[in-house]
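*Asks:* My questions concern the predicted model and sequence given below.
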Amino acid sequence: NQYVKLSKKWFISSHNKLKISFAPYQAYSMERGIGYGGNYISGYEYYAIDGQSFGYTKLNLKNEFLKIKIKTLGNNPFTKGAEIPFSIFARVYADAGYVKDELYYQNNPLANEFLFGYGVALDLVLIYDTSLRFEYSVNRMGEHGLFYHFSTYF
């Protein structure tokens, strides 16, 4: 992962992952590729692409256009007047990846193919880097849609 602050409100980031497996035959449960957990390519959220090896990269350009701190009540025993940060980012992104499947590729037309997705998003960042992301994505097949993601990292 790489995260670079370009200016006070502009950021660029890259998230990369690579899984290489040399065993030609392995347990099917070890062949999870893209589409499981946090391993997805934008625009392919509804697809599970199994394979022995995979890799992807996610590139983001973000602009923080709202940053506020909400002061809590001083008489609250849990927050005791703390300030709760809240930020909204506008983002454009492009994701690319590949899943190599030598065994079951006949049943999944997305295996052994270059995968590409891109789009625009709004990210709401709350306490402790909890983020709500609303993404409008397009994939290489021309499918598009609005997707919601929740994570506890940014």
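*Replies:* Looks like it came in fine. Numbers count the residues shown, from 1 in each chain.

*Asks:* Tell me how many other residues crowd Phe89.
*Replies:* By the criterion of other CB atoms under 10 Å, Phe89 has 21 neighbours. In short, each C-beta sits where N, CA and C put it, glycine included.

*Asks:* so which strand or helix has it?
*Replies:* Secondary-structure element containing Phe89, defined by DSSP states H and E: strand 83-100.

*Asks:* which helices and strands sit right next to that strand?
*Replies:* Applying 3 or more CB pairs under 8 Å, 6 or more residues apart in numbering; DSSP states H and E, one finds that strand 83-100 contacts strand 53-71, strand 114-125.

*Asks:* Can you tell me which of those strands is most buried?
*Replies:* strand 114-125 (a mean of 18; mean count of other CB atoms under 10 Å).

*Asks:* Flag every buried residue along whatever helix or strand comes next after that one.
*Replies:* Once the chain leaves strand 114-125, the next helix or strand it forms, by DSSP H and E, is strand 131-139. In terms of neighbour count (16 or more other CB atoms under 10 Å), strand 131-139 has its buried residues at 131, 133, 135, 137-139.

*Asks:* So for the residue lying closest to Leu18 once chain neighbours are set aside, what pLDDT did the model give?
*Replies:* In space, and not counting its chain neighbours, Leu18 is closest to Gly55: 4.2 Å by CB to CB, 6 or more residues apart in numbering. pLDDT, Gly55: 96.

*Asks:* Also Phe154?
*Replies:* If you check Phe154, the pLDDT there is 46.

*Asks:* Might one say that Gly117 is in contact with Met141?
*Replies:* No - using CB atoms under 8 Å, Gly117 is not in contact with Met141, being 9.7 Å away.

*Asks:* Pull the distance from the strand holding Phe89 to the chain's centre.
*Replies:* The chain centroid and the centroid of strand 83-100 are separated by 6 Å under CA atoms, centre = their mean, to the nearest Å.

*Asks:* go on, stretch 19-39?
*Replies:* 19 Å.

*Asks:* first vs last residue of it, how far apart are they?
*Replies:* Stretch 19-39 has its terminal residues 11 Å apart, counting by CA to CA, to the nearest Å.

*Asks:* mind checking how far Tyr46 is from Met141?
*Replies:* Here Tyr46 is placed at a distance of 11 Å from Met141 (CB to CB, to the nearest Å).

*Asks:* and what of Ala121?
*Replies:* Ala121 is 20 Å from Met141, where distance means CB to CB.
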